[in-house]
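Undergrad: Just to be clear, the model below is a prediction. Sequence and coordinates:
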Amino acid sequence: MADSRAGAPTVIVDQVDIVYRVHGAGATAGRGSATAALGRILKRGKGESPGVRKVHAVKKVSFTAYKGEAIGLIGTNGSGKSTLLKAVAGLLPVESGRIFTDGQPSLLGVNAALMNDLTGERNVRLGGLAMGMSREQVQERYQEIVDFSGINEKGDFITLPMRTYSSGMSARLRFSIGSAKDHDVLLIDEALATGDRSFQKRSEARIRELRKRAGTVFLVSHNNKSIRDTCDRVLWLERGELRMDGPTGEVLAAYEDFTGGKK
Ligand SMILES: Nc1ncnc2c1ncn2[C@@H]1O[C@H](COP(=O)(O)OP(=O)(O)OP(=O)(O)O)[C@@H](O)[C@H]1O
């Protein structure tokens, strides 16, 4: 991988821990009673918040990503992939450790906030502006974004509210909007899993393009084939720990052994 690592570092994750605090999870019956209140005061003295449970989602993870790399993030459900991606995007604070990014990271997820009551068209325009494109740039790219999404292939859906779209259609539109701009660091969460096969192929090609023009692409996916086709390096997280970091073939082979079969 000497070639891809010749670029400058774009993301440095240094000994990062991420902890969620779930409020209300420790509440028991008799919450309003004097004994419960006393218990809470006593606990507070020990530095614990009452009724708060901690979930340690990412543990001491370190890696450096370089310009030109496409990096897959894999791991079984709940292993911390989305959490790590959100932290790199600057959307979640770290408990300890540090994350440095060169340029603005953009998180492109199937959960990206589009407005369900607005039409696809309004969402394309607002989404473009929200990513920092000018009105003119949005206008220029508008048709291409709609065409790429394929939303209008089966009728004039782009002028209907997003709530009338199937989950696959919404995911396609999100991906089209998010990938319409060149990104320094593009973080993609499962975007490929939801579209149909032909859209998956198109989005894989788009990722390869973005990667050539832009900085670094991160892709979270449970689809090992997408990872194999798109990424040259893979980080494998398990129970919040970085279990392996290396060339795609090697890491996927170990992961497939671990999960007991190819996906
Ligand atoms: N908002 C939250 N509050 C509390 N705990 C959370 C929250 N989001 C995630 N977690 C916990 O953090 C851990 C990591 O979750 P995360 O979503 O990052 O995993 P993942 O690898 O992306 O999983 P999947 O493959 O199922 O999408 C899990 O134990 C999960 O229960």
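TA: Okay, I see it.

Undergrad: count of neighbours near Gly132?
TA: Neighbourhood size, Gly132 [other C-beta atoms under 10 Å]: 10. Where C-beta positions appear, they are placed from N, C-alpha and C, glycine not excepted.

Undergrad: Please go through the chain and pick out the longest helix.
TA: helix 197-213 (DSSP state H).

Undergrad: and the next element down the chain from it?
TA: For helix 197-213, the following helix or strand on the C-terminal side (DSSP states H and E) is strand 216-220.

Undergrad: quick one: strands adjacent to that following strand?
TA: strand 70-74 (parallel), strand 185-189 (parallel) (DSSP bridges).

Undergrad: Quick check: which of the ones you listed is nearest to Arg228?
TA: Arg228 sits nearest to strand 70-74 of all those, at 8.4 Å, using C-beta to C-beta.

Undergrad: least reliable of the strands paired with strand 216-220 going by mean pLDDT?
TA: Per-stretch mean pLDDT for these is lowest at strand 185-189 (a mean of 86).

Undergrad: Alpha carbons only: can I get that one in PDB?
TA: Extracted in PDB, the C-alpha atoms of strand 185-189 (Å, rounded to 0.1, in the frame of the first residue of the first chain):
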ATOM      1  CA  VAL A 185     -13.100  13.400   4.000                       C
ATOM      2  CA  LEU A 186     -16.300  11.600   3.000                       C
ATOM      3  CA  LEU A 187     -17.900   9.200   5.600                       C
ATOM      4  CA  ILE A 188     -20.500   6.900   4.200                       C
ATOM      5  CA  ASP A 189     -22.600   4.800   6.500                       C
END
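
Undergrad: ok, and does it reach over to the ligand?
TA: No. Strand 185-189 does not reach the ligand (C-beta under 6 Å from any ligand atom); its nearest approach is 7.7 Å.

Undergrad: Please enumerate residues in contact with that strand?
TA: Contact partners of strand 185-189, identified using C-beta atoms under 8 Å, 6 or more residues apart in numbering, comprise 10-11, 65, 81-82, 85, 88-89, 101-111, 175, 178-179, 207, 210, 214-220.
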